[in-house]
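Colleague: I need the structure of the sequence given here:
(one chain, ligands or ions: 1)
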Amino acid sequence: MTTVYDLRSDTVTRPTPDMKRAMVEAPLGDDVLGDDPTVKRFEAMIAELAGKEKGLFFPSGTQANETAVQVLTSPGDEVLIERRAHIFNYEAAGPAALSGVQLNPVDTADGALRVSDLVSRVRPLDPHFAPTRLVCLENTHNGHGGRIYPIAEMEAVSRWARERGLSVHLDGARLFNAAVASGVPIDRWAKCADTVSMCLSKGLGAPVGTCLVGSAETIARARRVRKRLGGGMRQAGILAAAGIYALEHNVERLADDHILAKEIAAGLSVLDEIDVDVGHVETNMILVRTAARGLTARALVEAAEEMGVRTFDVSPTEIRLVTHMDVPADAIREVPRRFREALRSVLVSDGRGKAGSS
Ligand SMILES: Cc1ncc(COP(=O)(O)O)c(C=O)c1O
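Modeller: Numbers count the residues shown, from 1 in each chain. Presented below is the predicted three-dimensional model:
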């Protein structure tokens, strides 16, 4: 059986034997009753790392984000958010359905909202308008191919929001990637926001789990919302133990995923029929654009799958590839080679002849 390269997401990693051992050996209690020692240890570790008073363990990034939105808003409020943000696109309209808020999406070139993008979006105080209440940021930005939010821009947005009495939530599902790639520590990013969600189940390799951090008062309210959403878990230490293991062993190695992504991107960039901007590969994601020769992303995803490379089409003309700890090193050579084959098969079946490279 030839190797299959699964680059659909960094969520596909499986726990290693050492991580599983840490899970099996973790001391447990009933976390809904507040006495799971491993959950408490994990929450304290991540809160300290982020420079926040408290942490709260969630089963998913989605639930942590939706809880943050609910805690920081009231029904009828408006939330400023980047147009390709996860909360806006991939959380099943959670802010509307669960919190009764309206999202006001803002376009950017790289996923990072700037003060200049936001000033004209704040609604005047007038009974016609929804009160602007919250700004949601995302780092790294999934929809923009893993781009890192420039810290100076985030700090400026944070200052601006606070001056106007707006709250800030940071969807930091991949904040560890941003920290490792930029050298800017987690607590400096976290300082920009009232709440930050950070996933363990992505590049950090844990099977489940996200931590939301914030002030003691905010996290106390988040605990109630989490319960309401069905996210109170009992012997959750078995999962939090994987999170502790991930924090202790898998953070620095994210740099390897970033190097691998750059190298795969460089290999793909020589293929004439697709566009890959290697300079935009800042962390563990690669965006392949297919529009130049009129190819559809879907056709190329299907052809690549036939060649044993699994990817996602994230728009009709864009394919996303994500590196992670379970991608073998020979992907540097194999992924571009198989993509060339996939392109050839799409173009031949389109009657457009052979795929070349430069
Ligand atoms: C930026 C971002 N936020 C939130 C999430 C949601 O995480 P989960 O799949 O754990 O709900 C994801 C998932 O990929 C994500 O990429």
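
Colleague: Using CSV, write out the CA atom coordinates for the helix or strand where Lys20 lies.
Modeller: Assigned by DSSP states H and E, Lys20 falls within helix 17-25. Only the C-alpha atoms of helix 17-25 are listed here, as CSV (Å, rounded to 0.1, in the frame of the first residue of the first chain):
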residue,chain,number,x,y,z
PRO,A,17,1.8,5.9,22.5
ASP,A,18,3.4,8.3,25.0
MET,A,19,0.4,10.6,24.9
LYS,A,20,-2.0,7.7,25.4
ARG,A,21,0.1,6.5,28.3
ALA,A,22,-0.2,10.0,29.9
MET,A,23,-4.0,9.8,29.4
VAL,A,24,-4.3,6.4,30.9
GLU,A,25,-2.3,7.3,34.0
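
Colleague: Give me the residues contacting that helix.
Modeller: Here helix 17-25 makes contact (Cβ atoms under 8 Å, 6 or more residues apart in numbering) with Pro15, Gly205, Ala206, Ile238, Leu239, Ala241, Ala242, Ile244, Tyr245, Ala246, His249. In short, each C-beta sits where N, CA and C put it, glycine included.

Colleague: Specify the local secondary structure of the first one.
Modeller: What DSSP: H, G, I helix; E, B strand; the rest coil gives for Pro15 is coil.

Colleague: Contact partners for the nearest residue to it once chain neighbours are set aside?
Modeller: Spatially, and ignoring its direct neighbours in sequence, Pro15 is nearest to Pro207 (5.2 Å; Cβ to Cβ, 6 or more residues apart in numbering). The contact partners of Pro207, by Cβ under 8 Å, 6+ apart, come to Arg14, Pro15, Ser201, Leu239, Ala242.

Colleague: Let me see the contact set for Leu137.
Modeller: Glu82, Ala112, Leu113, Tyr149, Met154, Val157, Val168, His169, Leu170, Asp171, Cys192, Ala193.

Colleague: Let me see the backbone angles for it.
Modeller: Backbone torsions for Leu137, taken as degrees, to the nearest 10, come to phi -110, psi 160.

Colleague: Beta-bridge partners for it, please?
Modeller: Leu170 (DSSP bridges).

Colleague: swap in Phe58?
Modeller: Going by DSSP bridges, Phe58 forms beta bridges with Thr210.
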